[in-house]
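Chemist: This is a predicted model, with the sequence first.
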Amino acid sequence: MAGRVPTEETAGQDKPGRLARLADGVMAAANVTATAWILVIMVLILADVLGRNLFLHPIAGVPEMVKFSIVGIVFLQISHTHRRGEMIRSDGILGLVSGRRPRLGAAMDLGAQLCGVAMSLALAWAVWPKATRAFRRDEMEGIAGHFQMPVWPFLVIVTFGSLLLALSFALEAARAAKRMHRGH
């Protein structure tokens with residue numbers, strides 16, 4: 001798996017299948033896109049600050065762009081973060097249980113991953129209608145006559161990122177199920 005550090009737990013496991021490799025590639029591409037987006041936003045903020053202080057003329061819409069960009073960036077990066085095993089997680093009890101009863105630990109991990117699938121799909125399900133409505137209504141953020149930008153692309157990114165995260169949780173659930181079956 002891309003970026004995972006082999007541990008006792010992952011040693012000797014099967015190599016990821018075609019779907020997992022494809023998912024890893026899409027998640028990595030989304031992560032790179034978000035990283036580039038961060039750099040663009042940093043340059044935009046710098047230009048806005050310079051414009052404000054040197055020319056008394058800020059760039060219109062920078063606060064709106066930054067506000068929506070943060071959400072887009074998070075949702076483009078979250079699946080890659082989870083897939084690499086770097087997402088914040090309280091696993092103290094899971095570690096204790098897994099050390100003493102590996103099958104039970106794997107079952108607990110499976111349950112947690114399936115909850116992640118459900119929550120991510122629920123988020124995608126909730127946001128997608130808002131994205132389509134925003135597109136149909138041409139909903140904008142900003143001040144009319146000053147700066148406006150469409151809202152729907154950001155809602156589509158949230159939906160896409162949620163679906164990628166659900167896929168990451170599903171792939172990890174499959175790994176937990178294999179560990180549960182093998183007993184380690």
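Modeler: Received, thanks.

Chemist: quick one: contacts of the helix-or-strand element of the chain with minimal mean pLDDT?
Modeler: In the chain, the helix or strand scored least confidently by mean pLDDT, DSSP states H and E is helix 92-100, which has a mean of 85. With contacts defined as Cβ atoms under 8 Å, 6 or more residues apart in numbering, helix 92-100 is touched by 9, 104-106, 108-109, 112. For glycine as for every other residue, the C-beta is placed from the backbone atoms N, C-alpha and C.

Chemist: same thing with stretch 23-37?
Modeler: 1-2, 16, 69, 72-74, 76-77, 79-81, 83, 160-161, 164, 167-168, 171.

Chemist: Weed out the non-buried ones from the residues you listed.
Modeler: Burial by neighbour count, judged by 16 or more other Cβ atoms under 10 Å, picks out 1, 16, 69, 72-73, 76-77, 79-81, 83, 160-161, 164, 167-168, 171 from the contacts of stretch 23-37.

Chemist: now the least confident helix or strand of the chain, how far from the centre of its chain.
Modeler: Taking Cα atoms, centre = their mean, to the nearest Å, one finds the center of helix 92-100 at 26 Å from the center of the full chain.

Chemist: same thing with stretch 85-96?
Modeler: Distance, centroid of stretch 85-96 to centroid of chain: 18 Å (Cα atoms, centre = their mean).

Chemist: Stretch 122-133 now?
Modeler: On Cα atoms, centre = their mean, the centre of stretch 122-133 falls 16 Å from the chain's centre.

Chemist: Now do that stretch: everything it contacts.
Modeler: By Cβ under 8 Å, 6+ apart, stretch 122-133 touches 139, 152, 155-156, 158-159, 162-163, 166.

Chemist: what comes up buried for it?
Modeler: 123-124, 127-128, 130-131.

Chemist: Identify the residue spatially nearest to Ala170, adjacent ones excluded.
Modeler: Val117 (5.2 Å; Cβ to Cβ, 6 or more residues apart in numbering).

Chemist: Check Ala173 too.
Modeler: Per Cβ to Cβ, 6+ apart, closest to Ala173 is Gln113, 3.7 Å.

Chemist: hang on, the one you found packs against Ala166?
Modeler: No - judged on Cβ atoms under 8 Å, Gln113 makes no contact with Ala166 at a distance of 10.3 Å.

Chemist: All the helices of this protein, residue numbers only.
Modeler: 18-55, 62-83, 92-100, 102-137, 152-182 (DSSP state H).
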